[in-house]
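kindly return the folded structure for what I paste below:
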Amino acid sequence: MPGGRLTQQERQQIALGLADGLAYAEIARRLDRPTSTITREVMRNGGPTAYRADLAHRATEHRAHRRRQAAPRGTGTVPRAYGRDTEAVRAYEETLTTVFMQSGTPKMMARVMAAVCVSDAGSLTASELVERLQVSPASVSKAVAFLEEQGMVRRERDERRRERYVVDSDVFYEAMMASARGTAQVAETARQGVGVLGPGTPAAVRMENIARYLDFVSESIARAAEQARDILHAKPEANPDGCD
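Sure, this is the predicted structure:
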């Protein structure tokens, strides 16, 4: 399976595949690329309806140029935490960003969320995010405000009185519980329609079945989230080899 960056010809094939209504997996198969590569490429370049091969290629070259400019200068080698492959981490962070975007998170907010999630501290300052993402402080501030409103990050002060943006493990528990509550509310609204539409009518039967289904899903999500909550706080059995 080929690796490295997508070529301009491959991007043209992606655009043609999207125009033909092909799924990401099928486009990936034809290009002998991972499906995640195609998904990430499309989502960070306008999505399936706005993807343009030439614009995507130029945008990728621009991002690569910005990364080269932002790279630390000097003869020394930048330390790699835990012996990680820096490029692999960067690629994974982009993949995580894409998944967050597919779940409905706006792009800038998804980038901030992914960056904080993959940091060992589970938190980053505004200046660290600006440097890491190569965006303006205003963009970071707007993204953090959105994520905080959604309960996805919280703010705290470190020993130097700097404001840090933190992703707590319980964020994902709270997200699942919020999803369960939202689903339950839809179920209740569907059930209210039964009386309005007339019990026993085709529309009312449909709404009742929808309500029963969503009740089951909501209860299952909440129960599973409670039962599995401790997993979010599990400690590794042993430190990885080569840890600092």
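
and Asp244, what's its pLDDT?
Here, the pLDDT recorded for Asp244 equals 43.

and the helices in the protein?
For the chain, helices defined by DSSP state H occupy the ranges 8-19, 24-31, 35-43, 53-70, 86-102, 107-118, 126-133, 137-149, 170-197, 202-228.

just give the nearest non-adjacent residue to Pro48, would you?
Leu18 (5.2 Å; C-beta to C-beta, 6 or more residues apart in numbering). Where you see a C-beta, it was placed from the backbone N, CA and C, and this is true even at glycine.

wait, the one you found sits on Asn45?
No - in this structure, Leu18 is not within contact of Asn45 by C-beta atoms under 8 Å, at 10.8 Å.

mind listing the shared neighbours of these two?
By C-beta atoms under 8 Å, 6 or more residues apart in numbering, Leu18 and Asn45 have these common neighbours: Tyr51.

ok, Tyr82 - how many residues close by?
Per other C-beta atoms under 10 Å, the neighbour tally for Tyr82 reads 12.

domain ranges for this structure?
8-61, 86-166, 170-233 (automatic domain parsing).

show me which helix or strand of this protein is least confident by mean pLDDT.
Among the helices and strands of the chain, helix 53-70 carries the lowest confidence by mean pLDDT, DSSP states H and E, at a mean of 70.

need the contact list for the residue most central in space within the chain.
Note on the chain: the residue nearest the mean C-alpha position is Phe100, at 2.0 Å, using C-alpha atoms, centre = their mean. By C-beta under 8 Å, 6+ apart, the contact set of Phe100 is Met109, Ala110, Met113, Ala114.

give me that answer again for 6 Å
Ala110, Met113 (C-beta atoms under 6 Å, 6 or more residues apart in numbering).

got the confidence number for it?
pLDDT, Phe100: 85.

what's the answer for Ala187, then?
Ala187 carries a pLDDT value of 95.
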